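Participant: Have a look at this fold, sequence not included:
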């Protein structure tokens, strides 16, 4: 039976909890605690499914318990529809239950967190499902672990999104942000009406941009995106598809869906897509 890896961030912004589903759909666990566990073995011939999910809701000002229940409800729905019983979730460094200072975290640090989970907990071939920032990180994971990542599903994939948005600012605004060291980004998803992003975070994120050259990922990839997404334009998924080296890439656009893609039909599409890839890989392996 396949396992599921599940996590979350607020849109493509820092400040959201992440989780990996492998064993049980319980409360969020700290990254350190999970990495201290021994991975449970699964049959080699069954693909293991890993998901990085973002609801697109802002949880910067909400409690860890509230974040956990929000992600858990979505994870439970996907698990039920897929008839998957194995779940394990974790919080990234500086987020939720994990140690670390969020203001000191970077895209590179979270990338290392993902790779640590893949290396230390995930056993067998993996299908990664990444939403928003998770979609960006899943691409990096596939590049770094080509022998273990067998397929990808991106939901509103935010590859390079934060850096792209910053670079579109007028020159005088960018200079002001550099001088102050903080970028105040208006957002309807934040209680204060804006995110406060460290300039150092943006500069570090530039080192992980992927759309400037071919993306060396050759496995099957499915990219889902809502055309009413006001956080990450659906054209970004088209750019990702164009840059991917893989010849097995599908882009699926939903005309009336937004960044969250949490409606019943959106979830059903995700489930169908996951199920189809599991069948595809199971047939290939067998």
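Facilitator: Okay, I see it. Note that the structure is a prediction, hence the values are computed from the model and not measured.
Participant: any weak-confidence spans in the stretch 151-286 of the chain?
Facilitator: For the stretch 151-286 of the chain, the stretches flagged by pLDDT under 70 are 189, 285-286.
Participant: in it, which spans are strands?
Facilitator: 182-186, 194-198, 221-226, 249-254 (DSSP state E, counting those that start in this stretch).
Participant: Quick one: list the elements packing against the second one.
Facilitator: Yep, that's strand 194-198 we're talking about. strand 182-186 (3 or more Cβ pairs under 8 Å, 6 or more residues apart in numbering; DSSP states H and E). For the C-beta atoms, the positions are set from N, CA and C on the backbone; glycine is no exception.
Participant: Each with direction, which strands does the strand it packs on pair with?
Facilitator: Paired strands of strand 182-186, with direction, are strand 194-198 (antiparallel) (DSSP bridges).
Participant: how about the strand it pairs with: buried residues?
Facilitator: Going by neighbour count (16 or more other Cβ atoms under 10 Å), the buried part of strand 194-198 is 195, 197, 198.
Participant: before we move on, the earlier item: please tabulate the strands of the stretch 151-286 of the chain in CSV, including the columns distance to residue 267.
Facilitator: Below are the strands of the stretch 151-286 of the chain laid out as CSV (distance: least, Cβ to Cβ, whole Å):
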stretch, distance to residue 267
strand 182-186, 28
strand 194-198, 27
strand 221-226, 11
strand 249-254, 11
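Participant: ranking those strands by burial, who's on top?
Facilitator: Greatest average neighbour count among the strands of the stretch 151-286 of the chain goes to strand 221-226 (a mean of 25), per mean count of other Cβ atoms under 10 Å.
Participant: Paired strands for it, with orientation please.
Facilitator: Note on strand 221-226: by DSSP bridges, its sheet partners are strand 149-155 (parallel), strand 249-254 (parallel).
Participant: Name the surrounding residues that touch it.
Facilitator: Strand 221-226 has contacts (Cβ atoms under 8 Å, 6 or more residues apart in numbering) with 135, 151-157, 232, 234, 236-237, 240-241, 244, 246, 248-254, 256-261, 266, 269-270, 273, 277.
Participant: Residue 243 touches residue 216, doesn't it?
Facilitator: No: if you go by Cβ atoms under 8 Å, residue 243 and residue 216 don't touch, sitting 9.8 Å apart.
Participant: related to what we said a few turns ago, and the buried residues of strand 194-198 as JSON lines, adding distance to residue 124?
Facilitator: Converted to JSON lines, those look like this (distance: Cβ to Cβ, whole Å):
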{"residue": "195", "distance to residue 124": "37"}
{"residue": "197", "distance to residue 124": "37"}
{"residue": "198", "distance to residue 124": "38"}
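Participant: Pick out whichever of those residues sits closest to residue 180.
Facilitator: residue 198 (10.3 Å; Cβ to Cβ).
Participant: Pull up the gap between the closest one and residue 257, please.
Facilitator: As judged by Cβ to Cβ, to the nearest Å, residue 198 and residue 257 stand 31 Å apart.
Participant: what's the angle from the helix or strand hosting residue 113 to strand 149-155?
Facilitator: Residue 113 belongs to helix 107-120 when assigned by DSSP states H and E. Angle between the axes of helix 107-120 and strand 149-155 is 140 degrees (criterion: axes from the mean of the first three to the mean of the last three Cα atoms, to 10 degrees).
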